[in-house]
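Trainee: Generate coordinates for the sequence data below:
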Amino acid sequence: ALSVYIKKAENVGIPVKCGFAFPDSVQVNESELATALANAIENAINASIKLPEQERSIEIKVLCKPQFIIMVRNTFDGNVVFNDNGIPQSAEEGHGFGTKTIAALCHKVGGYCDFHAEGNVFSLYMHLK
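Mentor: Numbers count the residues shown, from 1 in each chain. Next comes the predicted model:
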C-alpha cells in the first residue's frame with residue numbers, strides 16, 4: 001500500500017521522504033492500518049499538489065520505540081478547518097472520510113491522533129498501541 005501511494009506522489013512531482021521502523025508485531029489489524037496510512041498519504045498528495053511544484057513535499061515516518069507512532073507531514077496552501085474534535089473537515093462534497101477513518105482506528109486501539117497545521121505545513125501523528 002505504501003509503495004503505491006509514494007509512487008503516485010512522485011508521479012505528480014511531489015518528493016517523498018520516508019523512514020520506517022515498524023514493530024515486529026502490532027495490536028492493530030493490518031488491513032485497517034494500511035487503509036488509514038493510505039488515506040493519510042492520499043490526503044497529503046491532494047493537499048500538496050495544489051502548490052507550485054517547487055513547494056511540494058511529503059514526509060512519512062514510522063517509529064516503533066518508545067511507542068508506535070506514524071507521522072505524515074506535507075506542505076499545503078495553509079487553509080484548513082478543524083471540527084470541535086480537532087479533525088480536519090473537507091469543504092468538498094464526498095470528502096473527509098479518510099481523517100475520520102484514521103481517528104476511529106486510533107481510538108479503537110486505545111491510541112489517539114493529532115492533526116496540526118502551522119504555516120504551510122500540515123502534520124498528522126497517529127499514536128497506536
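
Trainee: contacts and neighbour counts: CA atoms only from here.
Mentor: Will do.

Trainee: Helix or strand next in line after the least confident helix or strand in the chain by mean pLDDT, which one?
Mentor: One helix or strand of the chain scores below all others by mean pLDDT, DSSP states H and E: strand 88-89, with a mean of 87. Downstream of strand 88-89, the first helix or strand assigned by DSSP states H and E is helix 97-108.

Trainee: Please point out which parts of that following helix sit buried.
Mentor: Within helix 97-108, the residues that qualify as buried are G98, T99, T101, I102, A103, A104, L105, C106, counting by 16 or more other Cα atoms under 10 Å.

Trainee: The spatially closest residue to the last one that is not a sequence neighbour pairs with what?
Mentor: Right, C106. Leaving aside its sequence neighbours, C106 sits nearest to Y112 (Cα to Cα, 6 or more residues apart in numbering; 4.8 Å). On the basis of DSSP bridges, Y112 is bridged to H127.

Trainee: Run a quick neighbour tally on Y112.
Mentor: 18 (other Cα atoms under 10 Å).

Trainee: what bits of this structure have low per-residue confidence?
Mentor: Of all residues in the chain, those with pLDDT under 70 make up the ranges 91-96.

Trainee: any idea which element the residue nearest the centre of it lies in?
Mentor: Centroid check for the chain by Cα atoms, centre = their mean gives A40 as the closest residue, at 2.9 Å. Using DSSP H and E, A40 sits in helix 30-48.

Trainee: residues making contact with the helix or strand following that helix?
Mentor: Once the chain leaves helix 30-48, the next helix or strand it forms, by DSSP H and E, is strand 58-63. Strand 58-63 is contacted from outside by 14-23, 44-45, 48, 68-75, using Cα atoms under 8 Å, 6 or more residues apart in numbering.

Trainee: ok, strand 58-63: who's next to it in the sheet?
Mentor: Sheet pairing for strand 58-63, using DSSP bridges, gives strand 16-20 (parallel), strand 68-75 (antiparallel).

Trainee: Export those strands to a markdown table and append columns for distance to A1.
Mentor: Output for those, formatted as a markdown table (distance: least, Cα to Cα, whole Å):
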| stretch | distance to A1 |
| --- | --- |
| strand 16-20 | 14 |
| strand 68-75 | 15 |
